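Visitor: no sequence on this one, just coordinates:
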C-alpha cells in the first residue's frame with residue numbers, strides 16, 4: 001500500500017491501553033473453554049475404524065484382481 005490512508009494513520013496514532021484484569025481473565029477463560037476438545041462418543045471411533053478397515057480391504061481385493 002503506497003497511498004496515504006487517513007483512517008489507518010489515525011488508528012496508528014492512538015495510544016494502546018491494557019484491558020482491565022477482570023476482562024482479561026474472562027476472555028482468557030472463555031478462549032480456554034473453546035480450546036478444550038469436546039467429548040466424542042466411542043461409537044464414532046468404532047464407526048470410523050470400521051469404515052477405514054472396509055475401505056482398505058476393498059482396495060486390497062481390487063488391486064489383487066488387477
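Guide: That came through, no problem. Bear in mind the structure is a predicted one, so any value in this text is a computation, not a measurement. Numbering: from 1, shown residues only.
Visitor: only C-alpha atoms from now on, for both contacts and neighbour counts.
Guide: Noted.
Visitor: pick out the residue nearest the middle of the protein.
Guide: residue 35 (8.2 Å; Cα atoms, centre = their mean).
Visitor: would you mark the buried spots in the helix or strand where residue 49 lies?
Guide: Here residue 49 sits within helix 42-64, counting by DSSP states H and E. Judged by neighbour count (16 or more other Cα atoms under 10 Å), helix 42-64 contains no buried residues.
Visitor: mind checking how far the residue nearest to the centre of the chain is from residue 29?
Guide: Separation of residue 35 from residue 29 (Cα to Cα, to the nearest Å): 10 Å.
Visitor: and for residue 2?
Guide: Counting by Cα to Cα - residue 2 and residue 29 are separated by 40 Å.
Visitor: settle it for me: which of the two has more neighbours?
Guide: Higher neighbour count among residue 2 and residue 29: residue 29, with 12 against 4, using other Cα atoms under 10 Å.
Visitor: give me the phi and psi for that one.
Guide: Main-chain torsions, residue 29, degrees, to the nearest 10: phi -70, psi -40.
Visitor: and residue 41, by the same measure?
Guide: phi -70, psi 140.
Visitor: can you count the residues close to it?
Guide: Residue 41 has 8 neighbouring residues, counting by other Cα under 10 Å.
Visitor: for it, give me its contacts.
Guide: Residue 41 makes no contacts at all, as judged by Cα atoms under 8 Å, 6 or more residues apart in numbering.
Visitor: got it, and residue 38?
Guide: For residue 38, the contact set (Cα under 8 Å, 6+ apart) is empty.
Visitor: give me the three-state assignment for residue 4.
Guide: Secondary structure for residue 4, judged by DSSP: H, G, I helix; E, B strand; the rest coil, is coil.
Visitor: that one - how many residues pack around it?
Guide: By the other Cα under 10 Å criterion, the neighbourhood of residue 4 contains 8 residues.
Visitor: and it, how far from residue 12?
Guide: Distance, residue 4 to residue 12, using Cα to Cα: 12 Å.
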